[in-house]
Each structure stands twice: as structure tokens, then as C-alpha cells.
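Chemist: Pasting a predicted model and its sequence here:
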Amino acid sequence: MTGRGLHGRRVARRIIAVAIGLDAFVALLLINAPRGMGGGFGPPSIVEWLIPAAGVALNVIGLAWMIRIYRSDPEAHPSFWRFRRS
């Protein structure tokens, strides 16, 4: 890999680390959130569970996609024929 490629991989590694750190911070906030006193409200409906669950699922999918792209071989492209010496 060239210097630009190595620099790009370092930047990608930092971006993934920041994403994991932000996810951990949000999880910490959710765990430490104060509980309500209750009241006259009924149990939460299915929609109140599906919307946060969809957000978490999409976040995990996006993080897995970022890691998959990072781990792929950057020189596995089929354009090697352009650079062959004759």
C-alpha cells in the first residue's frame, strides 16, 4: 500500500473507534437514566419499543458494515492489468 492508503486506514481506524466510543457513551446514558415515578400511564405500546429497537439495529448494522469495509482487501480489485509491465 502507498502512504495515502496507510493514512486512509489510520483515519478509518479512528472513525470506527469514535463510533464505538459514541455507542458506548449512549449505552451508558441509557443505563444510568433516571427511572420515572410511574403514574397513571399504562405499559408501553409496541411502537414505543420498536422505534428504539430499529435505531439500535440500524446502528449495529452500520457499525458492522464499516468494519467489513475496513477489513476488506484494498488491492483485490480487478484493474491490475493496467499496471502490468510489458
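Modeler: Nice, I can see it. Numbers count the residues shown, from 1 in each chain.

Chemist: wait, doesn't I16 sit right on Y70?
Modeler: Yes - proximity of I16 to Y70 meets the contact threshold set by C-beta atoms under 8 Å, at 6.3 Å. From N, CA and C alone the C-beta is placed, and that goes for glycine too.

Chemist: Output the contacting helices and strands for the helix or strand hosting R9.
Modeler: Here R9 is covered by helix 3-31, with elements defined by DSSP states H and E. With contacts defined as 3 or more C-beta pairs under 8 Å, 6 or more residues apart in numbering; DSSP states H and E, the packing partners of helix 3-31 are helix 46-71.

Chemist: Return the list of helices and strands in contact with the helix it packs on.
Modeler: The criterion is 3+ C-beta pairs under 8 Å, 6+ apart, and the helices and strands that helix 46-71 contacts are helix 3-31.

Chemist: pLDDT of the helix it packs on, averaged?
Modeler: Along helix 3-31, the predicted local confidence has a mean pLDDT of 88.

Chemist: what comes up buried for that helix?
Modeler: Of the residues in helix 3-31, none is buried under the neighbour-count criterion (16 or more other C-beta atoms under 10 Å).

Chemist: what angle separates that helix from helix 46-71?
Modeler: Between the axes of helix 3-31 and helix 46-71, defined by axes from the mean of the first three to the mean of the last three C-alpha atoms, to 10 degrees, the angle is 160 degrees.

Chemist: Run the chain-centre distance for helix 3-31.
Modeler: Remark: helix 3-31 is offset 8 Å from the chain centroid, using C-alpha atoms, centre = their mean, to the nearest Å.

Chemist: cool, and stretch 47-56?
Modeler: Between the centre of stretch 47-56 and the centre of its host chain there is 17 Å, according to C-alpha atoms, centre = their mean.
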